[in-house]
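[1] Pasting the sequence and the predicted coordinates here, then a few questions.
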Amino acid sequence: MLTAAFLWIMAAPAADTAPPVAAPEVLAPVAPPALDDSRSFWQVVIERQMIIRVPAQRSQLNNFAAPPPPRIAEVPVEWKEKKGPKCVAMRNIVGMRAVQRDSIDLITRQKQRLRAQLNRGCRALDFYAGFYMQGSKDGKLCEDRDEIHARTGAKCEIDKFRLMVPVRGDD
């Protein structure tokens, strides 16, 4: 009892200080306005963004590491360009290689290689570490529509896709 009295005296304000602020009123729950009220409206915005990262595979253009130890010499594969699709399903792209100055090769789950020619002024070397692409409503990466974003900050639109077909050396 003595402790409670001491705390009450210590908590009392001094004569030269302002009186304490009154406790706020208890907040009552507020119901939403009636549906027939034509002046009110409700708006809900739901945003969804999906960004897909495509890793790079080493090529002559972006291999900054020391050369690997000598192995059995592999016969280099020659590629021939053929007409490619207008769009590629984003979920099918598993990797990329920067092989020319103005284009990158996309590797798909089906082990196909598609050359994506970048628009004017874009360099494939900017994409040495891979790229990001923003998901679209149809889930496809399309030429003359979508952009790819390099980890360095560059972004480029794809002008055209070309299907790469391996050519045997004796042809």
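    It's in.
[2] the helices in this protein, which residues?
    Secondary structure of the chain (DSSP state H): helices at 2-11.
[3] What segments of it are strands?
    Ranges of strands in the chain, per DSSP state E, are 51-54, 78-83, 87-89, 93-98, 103-108, 113-118, 131-134, 140-142, 147-150, 155-167.
[4] Direction-wise, compare the fifth one with strand 155-167 and give the angle.
    Spelled out, that is strand 103-108. Counting by axes from the mean of the first three to the mean of the last three Cα atoms, to 10 degrees, strand 103-108 lies at 70 degrees to strand 155-167.
[5] averaging pLDDT over each of the strands of the chain, which comes out lowest?
    Mean pLDDT values for the strands of the chain show the minimum at strand 51-54, a mean of 71.
[6] For that strand, which residues meet the burial criterion?
    Across strand 51-54, burial judged by 16 or more other Cβ atoms under 10 Å covers residue 54. From N, CA and C alone the C-beta is placed, and that goes for glycine too.
[7] and that strand, which strands flank it?
    Its sheet considered, strand 51-54 pairs with strand 131-134 (antiparallel) by DSSP bridges.
[8] what about dumping the CA coordinates of the partner strand to PDB?
    Written as PDB, here are the backbone C-alpha positions of strand 131-134 (Å, rounded to 0.1, in the frame of the first residue of the first chain):
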ATOM      1  CA  PHE A 131      19.600 -11.300 -68.500                       C
ATOM      2  CA  TYR A 132      16.200 -10.700 -66.900                       C
ATOM      3  CA  MET A 133      12.900 -10.600 -68.700                       C
ATOM      4  CA  GLN A 134       9.600  -9.400 -67.400                       C
END
